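K.L.:
below are the sequence and a predicted model; questions follow.
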Amino acid sequence: MNLRLYHALPPILRPVAATVQGAYLRWWRYGRETERLVEEALEREKWSPEKWAAWQQDRLGYVLDRAATRVPYYRELWTQRRRSGDSSSWERIENWPILEKRVLRENPRAFVADDCDPRHMFAEHTSGTTGTPLSLWASRAVLHNWYALFEARCRRWYGVTRHDRWAILGGRLVTPCRQRKPPFWVWNKALNQLYMSSYHLAPDLIASYFRAIEDYQVRYLYGYPSALLALAVTARETGWKPPSLRVVITNAEPLYDYQRRQMEDGFQTKVRETYGMSEMVAAAGECESGHVHWWPDVGFTEIKGQEGDAAEDGELICTGLLNTDMPLIRYRVGDRVRCCRTSAKCECGRTLPLAGAVEGRSDDVIYTVDGRAIGRLDPVFKADLQVEEVQIVQEARQKLVVWYVPARGFDASTTTALRERLRERVGAMQIDLRKTDTIPRGPNGKFRAVICNLAPEERGKFVATTK
């Protein structure tokens, strides 16, 4: 959807535009075979570990062979190896190099199989998991499988379906940040979705979100923990009694224990954590017993320590098993994980492997002058922005410092776009843009796209209760 055109529409027509876009997305995501795919996904949850291992090895072999023979980037890689006298086999995953996000970003079309045409595939432009812009493509068949898995394990597990009315607190700019009167949301009839702005969660505006949840008869909430927490804290403080919400599902950010407690208290329902990414190389979800399970039909995962060897705790390296038209082999996701320390079976009865803690993105939250807490700014860094990486540092309540590494094609219009996109979301704040050759990583090697250096007492009530 063209966002400039969307924002130029009168508010009464925006739900029409959102529904048209929703119908387009529904066509890509779902088809006549969706229910069959959902049932098959649920049935696989009963497989034995041995059956899962055999299935993964068979699927992995197919993906590696297809990548080495049909994907331009990998085919050239193995051709050069052969010319240099390397006789290692592409049939063994350990013989493949680690794929860095930078390489994927520089030439994404080289990762699309040569029997596929990106013009007839769904294009996804995302900041990925580290604030680095990416372009990705998937066929309709791949998306049908991906969203069937989501339907099975992010909805059916919790007693809801895609046909239920739901609200999402996401990163899209639903309405201009300067707007101070509702609606701060748009109804997408095609997806039964109330898309709510995460950029308008100021203390004096949140009550209107509650009314919208009631008016649209929302059955479950989905979104960033930082945004959902703002709603939950205000619900508890004001005594708002939520409608019969079946579940609150979190995504895109780590879910901390204090957030879970406050959200369950404020929303009077269970909170469940999910993990996934647009690259479709790994996914996990929390079952009703409170354990997070990997989805082995999405990706083959490895955990690497500091020396690059296998480890129980370390960096997540994934090979996608789902999108074989744009296969990513041994892809460095940018997240760190801790293995599950128990070999016991989960009380839920599923045999999907248990995951330990997924640290995920540890981005901070930006606190605006008017009291809003903004937990995700990655839509600013979409693939059309000519930067390698961007890091936003909040140094004062009214000041952001933006460090950026320019990419090829960077010019004055890039800085203008970056500044405008930020202002649309954070409002009247000083924005200092600073060029750099590299953005330093944290102690765990993790890139932080957003850092807040405000003292706790300066941040506001949404983080005042983290104990």
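P.N.:
Right, received. Where do you want to start?

K.L.:
would you map the strands across the stretch 301-450 of the chain?
P.N.:
313-320, 331-338, 366-367, 373-374, 387-396, 399-406, 430-435, 450-452 (DSSP state E, counting those that start in this stretch).

K.L.:
the fifth one - contacts with which helices or strands?
P.N.:
Yep, that's strand 387-396 we're talking about. strand 366-367, strand 399-406, helix 412-426, strand 450-452 (3 or more C-beta pairs under 8 Å, 6 or more residues apart in numbering; DSSP states H and E). (C-beta placed from N, C-alpha, C; glycine too.)

K.L.:
show residues contacting the shortest one.
P.N.:
Among residues not part of strand 366-367, those counted as contacts by C-beta atoms under 8 Å, 6 or more residues apart in numbering are 373-374, 377, 392, 394, 397, 400, 426, 450, 452, 454, 458-460.

K.L.:
need the contact list for the residue nearest to residue 458 when sequence neighbours are not counted.
P.N.:
With C-beta to C-beta, 6 or more residues apart in numbering as the criterion, residue 458 has its nearest non-adjacent residue at 6.2 Å, and that residue is residue 397. Counting by C-beta under 8 Å, 6+ apart, residue 397 touches 367, 369, 454, 458.

K.L.:
go ahead and confirm the third one touches residue 393.
P.N.:
The one in question is residue 454. No - Residue 454 lies out of contact with residue 393 (C-beta atoms under 8 Å); the separation is 10.6 Å.

K.L.:
what about the stretch 101-250 of the chain, any weak spots by pLDDT?
P.N.:
127-132 (pLDDT under 70).

K.L.:
so which residues of it form strands?
P.N.:
122-126, 134-138, 166-170, 185-188, 193-197, 220-223, 247-250.

K.L.:
show me the contact partners of the third one.
P.N.:
Residues outside strand 166-170 that contact it (C-beta under 8 Å, 6+ apart): 160, 185, 192-198, 212-213, 216, 218-224, 227-228, 231, 376.

K.L.:
that older thread, switch the helices and strands packed on strand 387-396 over to TSV; also include distance to residue 244.
P.N.:
Shown next, in TSV, are the helices and strands packed on strand 387-396 (distance: least, C-beta to C-beta, whole Å):
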stretch	distance to residue 244
strand 366-367	33
strand 399-406	40
helix 412-426	32
strand 450-452	35
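
K.L.:
which of these is buried the deepest?
P.N.:
strand 366-367 (a mean of 22; mean count of other C-beta atoms under 10 Å).

K.L.:
that one pairs with which strands, parallel or anti?
P.N.:
strand 373-374 (antiparallel) (DSSP bridges).

K.L.:
residue 367 and residue 255: what is the separation?
P.N.:
Relative to residue 255, residue 367 is positioned 20 Å away (C-beta to C-beta, to the nearest Å).

K.L.:
out of the strands of the stretch 101-250 of the chain, which comes closest to residue 287?
P.N.:
Counting by C-beta to C-beta, residue 287 lies closest to strand 247-250 out of the strands of the stretch 101-250 of the chain; the figure is 12.0 Å.

K.L.:
and that closest one, how far out from the chain's middle?
P.N.:
14 Å (C-alpha atoms, centre = their mean, to the nearest Å).

K.L.:
helices or strands next to it in the packing?
P.N.:
Using 3+ C-beta pairs under 8 Å, 6+ apart, strand 247-250 sits against strand 220-223, helix 225-238, helix 257-267, strand 271-275.

K.L.:
JSON lines for these, including mean neighbour count and distance to residue 206?
P.N.:
Output for the helices and strands packed on strand 247-250, formatted as JSON lines (neighbours: other C-beta atoms under 10 Å; distance: least, C-beta to C-beta, whole Å):
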{"stretch": "strand 220-223", "mean neighbour count": "24", "distance to residue 206": "14"}
{"stretch": "helix 225-238", "mean neighbour count": "23", "distance to residue 206": "4"}
{"stretch": "helix 257-267", "mean neighbour count": "18", "distance to residue 206": "11"}
{"stretch": "strand 271-275", "mean neighbour count": "22", "distance to residue 206": "18"}
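
K.L.:
wait, which of these is closest to residue 63?
P.N.:
strand 271-275 (21.0 Å).

K.L.:
and the angle for that closest one with strand 313-320?
P.N.:
For strand 271-275 against strand 313-320, the angle by axes from the mean of the first three to the mean of the last three C-alpha atoms, to 10 degrees is 70 degrees.

K.L.:
average pLDDT for strand 271-275?
P.N.:
For strand 271-275, the mean pLDDT works out to 94.

K.L.:
could you check how far the residue of the chain most remote from its centre is from residue 65?
P.N.:
Distance from the centre of the chain peaks at residue 85, with 40.7 Å (C-alpha atoms, centre = their mean). If you measure residue 85 against residue 65 using C-beta to C-beta, the figure is 22 Å.

K.L.:
next one: residue 245
P.N.:
46 Å.

K.L.:
those two: which is more packed in?
P.N.:
For residue 245 and residue 65, the more surrounded residue by other C-beta atoms under 10 Å is residue 245, and the numbers stand at 18 against 12.

K.L.:
nearest spatial neighbour of that one, skipping sequence neighbours?
P.N.:
residue 269 (4.6 Å).

K.L.:
which residues touch the one you found?
P.N.:
Applying C-beta under 8 Å, 6+ apart, the residues near residue 269 are 242, 245-248.

K.L.:
any idea whether it is helix, strand or coil?
P.N.:
Put simply, residue 269 is coil when judged by DSSP: H, G, I helix; E, B strand; the rest coil.

K.L.:
backbone dihedrals for it, both of them.
P.N.:
phi -160, psi 170 (degrees, to the nearest 10).

K.L.:
ok, it to residue 218 distance?
P.N.:
On the measure of C-beta to C-beta, residue 269 and residue 218 end up 12 Å apart.

K.L.:
now do the shared contacts for these two.
P.N.:
With C-beta under 8 Å, 6+ apart, residue 269 and residue 218 have common neighbours residue 245.

K.L.:
where does the stretch 251-400 of the chain dip in pLDDT?
P.N.:
306-312, 341-343, 359-363, 375-376, 378-379, 381-384.

K.L.:
state which helix of the chain is the longest.
P.N.:
helix 49-70 (DSSP state H).

K.L.:
can you give me the buried ones in that helix?
P.N.:
52, 56, 59-60, 63-64, 66-68, 70 (16 or more other C-beta atoms under 10 Å).

K.L.:
now do the helix or strand following it against helix 49-70, angle only.
P.N.:
Next along the chain after helix 49-70, taking DSSP states H and E as the criterion, comes helix 72-83. Helix 72-83 runs at 80 degrees relative to helix 49-70, counting by the same axes, to 10 degrees.
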